[in-house]
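A.B. asks: sequence? don't have it. structure:
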């Protein structure tokens, strides 16, 4: 039994059992409509070989009638089904998204309605591509503090609504989708977490609100599309992700070889390969699915988690590190036991 010992001002000793959020169900949803690299070559000056070589992406799933909240709800329903829990047991819903179609109500409340989680509180978190990992860490903190026992964590984004389809530097990179995980409190080893931000470098990756003052109605608003300094973001990611992986390893008292899988944000194959190289470990421990889905922002990590879970890639006791990085600039990681 894992316990934490405390002393008060009178030197009286108290203790409590350490609770951790164990994943009891995962789910994901991607739109059925597919846009491959050849489709993109008919829109912008690019081709399949050029995109694959620079990114590792072959296709992406794009919404038609779906919304971000709908995708989040579908992923949640699949996670609930796999977990076997009653939606009424869910006490908190966290949705990481930067592309909800509604400013309010939040996507978490829309999901609550869709799945019948009538006893849950809910709110959204916006940290772009880092969002799911930060939401996962937030859920772990709530569970460790004893505030909630069952939490639904979702990452969902409709990036096709935010890209300029005439800009080949960004439109080739993104897709739409959602992933979800349900955490339930159990006794166990604590989740080791870390998170950082660098607002000074925020202009490297931006997308302005379409509700801001001064925006002209009826005029195409180029500033609300994604703008990215590709080289700047690449250099940031390949430097900061290895650093934060090493940070959580040091906090946990573990070595790189103790980790079974590194589940990283699926932004670009070259980034993931560079991170593996800097950590001096084999790329086989860095699973990737961006060839099929491209960068779905906050959804990449939970979609990959769900795929691996449903393909029986995980076994009890394995050690995983999740890490996300993106606009803000933000980056986060967590180390936990499956």
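C.D. replies: Thanks, I have it. All figures in this text were calculated on a predicted structure; none of them were measured in a lab.
A.B. asks: what about the helices in this protein?
C.D. replies: 37-41, 48-55, 68-83, 107-115, 131-144, 168-171, 230-252, 269-278, 290-293, 300-310 (DSSP state H).
A.B. asks: how many neighbours does residue 40 have?
C.D. replies: Using other CB atoms under 10 Å, residue 40 has 21 neighbouring residues. In short, each C-beta sits where N, CA and C put it, glycine included.
A.B. asks: that older thread, can you list the helices of the chain in CSV and add mean pLDDT and distance to residue 183?
C.D. replies: Shown next, in CSV, are the helices of the chain (pLDDT from 0 to 100; distance: least, CB to CB, whole Å):
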stretch, mean pLDDT, distance to residue 183
helix 37-41, 97, 36
helix 48-55, 97, 32
helix 68-83, 98, 10
helix 107-115, 98, 15
helix 131-144, 98, 5
helix 168-171, 95, 33
helix 230-252, 98, 18
helix 269-278, 98, 25
helix 290-293, 98, 23
helix 300-310, 98, 12
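A.B. asks: in JSON lines, list these along with distance to residue 19.
C.D. replies: Shown next, in JSON lines, are the helices of the chain (distance: least, CB to CB, whole Å):
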{"stretch": "helix 37-41", "distance to residue 19": "46"}
{"stretch": "helix 48-55", "distance to residue 19": "40"}
{"stretch": "helix 68-83", "distance to residue 19": "18"}
{"stretch": "helix 107-115", "distance to residue 19": "22"}
{"stretch": "helix 131-144", "distance to residue 19": "6"}
{"stretch": "helix 168-171", "distance to residue 19": "42"}
{"stretch": "helix 230-252", "distance to residue 19": "17"}
{"stretch": "helix 269-278", "distance to residue 19": "31"}
{"stretch": "helix 290-293", "distance to residue 19": "33"}
{"stretch": "helix 300-310", "distance to residue 19": "21"}
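A.B. asks: of all the ones you listed, which one comes closest to residue 124?
C.D. replies: Across the helices of the chain, residue 124 has its closest neighbour in helix 107-115 (5.4 Å, CB to CB).
A.B. asks: tell me what the closest one is packed against?
C.D. replies: helix 68-83, strand 92-96, strand 121-125, strand 150-158 (3 or more CB pairs under 8 Å, 6 or more residues apart in numbering; DSSP states H and E).
A.B. asks: centre of the chain to the first one, how far?
C.D. replies: Taking the mean of its C-alpha atoms, helix 68-83 sits 15 Å from the chain's own mean (CA atoms, centre = their mean, to the nearest Å).
A.B. asks: can you list contacts of it?
C.D. replies: For helix 68-83, the external contacting residues (CB atoms under 8 Å, 6 or more residues apart in numbering) are 24-31, 63, 87, 90, 93, 95, 97, 99-102, 107, 110-111, 114-115, 152, 154, 156-158, 176-182, 184, 299, 302, 306, 310.
A.B. asks: before we move on, what about the third one?
C.D. replies: Outside strand 121-125, the residues within contact range by CB under 8 Å, 6+ apart are 91-97, 100, 106-109, 111-112, 131, 134-135, 138.
A.B. asks: and the gap between the residue nearest to residue 241 when sequence neighbours are not counted and residue 83?
C.D. replies: Leaving out its chain neighbours, the residue that sits closest to residue 241 by CB to CB, 6 or more residues apart in numbering is residue 275, at 4.9 Å. Residue 275 sits 31 Å away from residue 83, going by CB to CB, to the nearest Å.
A.B. asks: equivalent analysis for residue 95, please.
C.D. replies: Residue 95 is 17 Å from residue 83, by CB to CB.
A.B. asks: give me the more crowded residue out of the two.
C.D. replies: Applying other CB under 10 Å to residue 95 and residue 83 shows that residue 95 carries more neighbours, namely 34 against 22.
A.B. asks: wait, isn't that one in contact with residue 108?
C.D. replies: Yes. If you go by CB atoms under 8 Å, residue 95 and residue 108 touch, sitting 4.3 Å apart.
A.B. asks: any common contacting residues for those two?
C.D. replies: Common neighbours of residue 95 and residue 108 (CB under 8 Å, 6+ apart) are 122, 123, 124, 154.
A.B. asks: most surrounded residue in the residues you listed?
C.D. replies: residue 154 (35 neighbours).
A.B. asks: residues contacting that residue?
C.D. replies: 72, 75-76, 93-97, 107-108, 111, 132, 135, 178-180, 302.
A.B. asks: repeat the analysis, applying 10 Å as the threshold.
C.D. replies: Neighbouring residues of residue 154 by CB atoms under 10 Å, 6 or more residues apart in numbering: 27-28, 69, 71-73, 75-76, 79, 93-97, 107-108, 111, 122, 124-125, 131-132, 135, 178-182, 298-299, 302.
A.B. asks: repeat for residue 296
C.D. replies: 28, 30, 60-61, 71, 129, 155-160, 174-179, 265-267, 289-290, 302-304.
A.B. asks: mind giving me the ChimeraX select for these, buried ones only?
C.D. replies: In ChimeraX syntax, the buried subset of the contacts of residue 296 is picked out as below (16 or more other CB atoms under 10 Å):
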select :28,30,60,61,71,129,155,156,157,158,159,160,174,175,176,177,178,179,265,266,267,290,302,303,304
